[in-house]
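A.B. asks: Okay, here's the prediction I keep looking at, along with the sequence it came from:
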Amino acid sequence: MRGIDTQVRKMRRRIFKEVANLAYNSTNLKDDMEALPYQIIDYDEPEFRENIYRERAIVRERLRLAMGLSLRPENKPSHLTQGLEESNISEKYYEPPLMQVIPSACNSCPVNVYQVTDRCMGCVAHPCREVCPKGAITMKNGKSVIDEEMCIKCGKCKAICPYDAISHQTRPCALACGVGAIESDEKGRAVINNDKCVSCGQCMVSCPFGAIADKSQVFQLIRALQSGKEIIAQIAPAFAGQFGKDVTPAKFKAALKALGFAEVYETAIGADEGALYEARQYVENVATGKENFALTSCCPSWRIPSRKRASTSAMTTPCWTIWWKNPILPPTAPAICAAASSGRSRTPWPPRSSRLTKTPSPRSKPPPRTAKWCCIPYNI
């Protein structure tokens, strides 16, 4: 649903707006945060759910996530502002995990179900019934009916129906997840398996109920701007297409500096430096036949599973040294995009002196391959 200004996106913007307003204008943070759900859901009749109480409950959890806090447990009493004081600082990191499903917002969508719709014409041939390998389709009142307990989800009935009368229902979030991290709880609601999740955000942008949200550090960023420290904005190249043709890079930079940023840089500067360094490694190692290949990425969705699969013994060795010993997956460039730097990495690009003294120089002979294979990107 990218590119569509849905109600989910509008609510997300409203939440961020109110959180920013809290940071800038609130004199009684706890009371003002408590009042926000009633200000956002200020009507008597529900618009999106069965009642306004559920809508407000969802807004409360969205507010917590937008402020970098975790969801509250459903089976224990917990105040909306629990943990707020600890987060009311400029350098508070969000509470992991990054992506979370709001249980009260999840619609418990079907995981994998084939259903006959009212478009069934009750044809004489009944091809859906004939191709079913398990005999799960019968005819009732002249229409096809699928026995869910017998159905093996092969999809043959849907493929052969001449009227496209059979619907295949899946969870949009699970369908979008490339690593199979979306599972179900005992109530059929979606949950994220954090051991598999790579924080790519595809489930969040695909959920039509807005039940999945990521944690933000907007509140802490504003606190940092208010602290008087020099704060530099590092923006991804994608900003050029986010705000329309009238918002030029110059205007965008001026707007950020007006907010209080000392300077604004586009992350491709870091990408250029990283590309030059890695190109030299490629020429001197891969092109000469010393190594078979080289892979690199600053994407968190690449880096997170790499880190999870890395051996614990290799975790204590500097990543550049590990790469020289066995470059199965060499270290990545520095955190050069908003996705990579917004909650997954704080490791700075090492100074040249550090690279040349603590790790082998690209111009020197690499050390023996004694370490186990490792795929830890540099900017973990």
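C.D. replies: Sure, I can see it.

A.B. asks: Residue ranges in the stretch 251-380 of the chain under the pLDDT threshold?
C.D. replies: Of all residues in the stretch 251-380 of the chain, those with pLDDT under 70 make up the ranges 308-380.

A.B. asks: Let's see that with 50 instead.
C.D. replies: Residues of the stretch 251-380 of the chain meeting the criterion pLDDT under 50: 311-380.

A.B. asks: residue boundaries of the strands in the protein?
C.D. replies: Secondary structure of the chain (DSSP state E): strands at 99-101, 112-116, 137-140, 143-146, 166-170, 182-184, 190-192, 212-214, 232-235, 263-266.

A.B. asks: Just checking: what are the partner strands of the third one?
C.D. replies: Pairing partners of strand 137-140, with direction, according to DSSP bridges: strand 143-146 (antiparallel).

A.B. asks: coming back round to it: between the strands of the chain, which one is closest to Leu69.
C.D. replies: Smallest distance to Leu69 across the strands of the chain (Cβ to Cβ): 10.3 Å, for strand 99-101. In this view, the C-beta of every residue, glycine as well, is placed from N, C-alpha and C.

A.B. asks: and the closest one, which strands flank it?
C.D. replies: Note on strand 99-101: by DSSP bridges, its sheet partners are strand 212-214 (antiparallel).

A.B. asks: Now find how far off-centre the partner strand is within its chain.
C.D. replies: The chain centre lies 8 Å from the centre of strand 212-214; the measure is Cα atoms, centre = their mean, to the nearest Å.

A.B. asks: same deal with stretch 58-71?
C.D. replies: 16 Å.

A.B. asks: Show me what that stretch is in contact with.
C.D. replies: Identification of contacts with stretch 58-71 by Cβ atoms under 8 Å, 6 or more residues apart in numbering yields 11-12, 15-16, 18-19, 33, 36-37, 40-41, 49, 72, 80, 82-84, 87, 92-95, 100, 102-105, 210, 213-220.

A.B. asks: one more time with 6 Å
C.D. replies: 15-16, 19, 36-37, 40-41, 80, 83, 87, 94-95, 100, 102, 104-105, 213, 215-217, 219 (Cβ atoms under 6 Å, 6 or more residues apart in numbering).

A.B. asks: Among those, which lie within helices?
C.D. replies: 15-16, 19, 36-37, 40, 87, 219 (DSSP state H).

A.B. asks: mean confidence for stretch 205-223?
C.D. replies: What stretch 205-223 shows for mean pLDDT is 93.

A.B. asks: Convert the C-alpha atoms of that stretch to PDB, please.
C.D. replies: Output of stretch 205-223 as PDB, limited to C-alpha atoms (Å, rounded to 0.1, in the frame of the first residue of the first chain):
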ATOM      1  CA  VAL A 205       3.700  -1.100   5.400                       C
ATOM      2  CA  SER A 206       1.600  -4.100   4.300                       C
ATOM      3  CA  CYS A 207      -0.800  -4.300   7.200                       C
ATOM      4  CA  PRO A 208      -4.200  -2.700   6.200                       C
ATOM      5  CA  PHE A 209      -5.200  -2.400   9.900                       C
ATOM      6  CA  GLY A 210      -2.100  -0.600  11.000                       C
ATOM      7  CA  ALA A 211      -1.500  -3.200  13.600                       C
ATOM      8  CA  ILE A 212       2.200  -3.300  13.200                       C
ATOM      9  CA  ALA A 213       4.400  -0.300  14.100                       C
ATOM     10  CA  ASP A 214       8.000   0.500  14.600                       C
ATOM     11  CA  LYS A 215       9.600   2.400  17.500                       C
ATOM     12  CA  SER A 216      10.600   6.000  16.900                       C
ATOM     13  CA  GLN A 217      13.200   8.300  18.500                       C
ATOM     14  CA  VAL A 218      11.500  11.500  17.400                       C
ATOM     15  CA  PHE A 219      10.900  12.500  21.000                       C
ATOM     16  CA  GLN A 220      14.500  11.900  22.000                       C
ATOM     17  CA  LEU A 221      15.700  13.700  18.900                       C
ATOM     18  CA  ILE A 222      13.800  16.800  19.800                       C
ATOM     19  CA  ARG A 223      15.200  16.600  23.300                       C
END
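
A.B. asks: rewinding a little: buried subset of the ones in helices among the contacts of stretch 58-71?
C.D. replies: 15, 19, 36-37, 40, 87, 219 (16 or more other Cβ atoms under 10 Å).

A.B. asks: which two from those residues end up farthest apart in space?
C.D. replies: The two members of those with the most space between them (Cβ to Cβ) are Ile40 and Ser87, at 19.9 Å.
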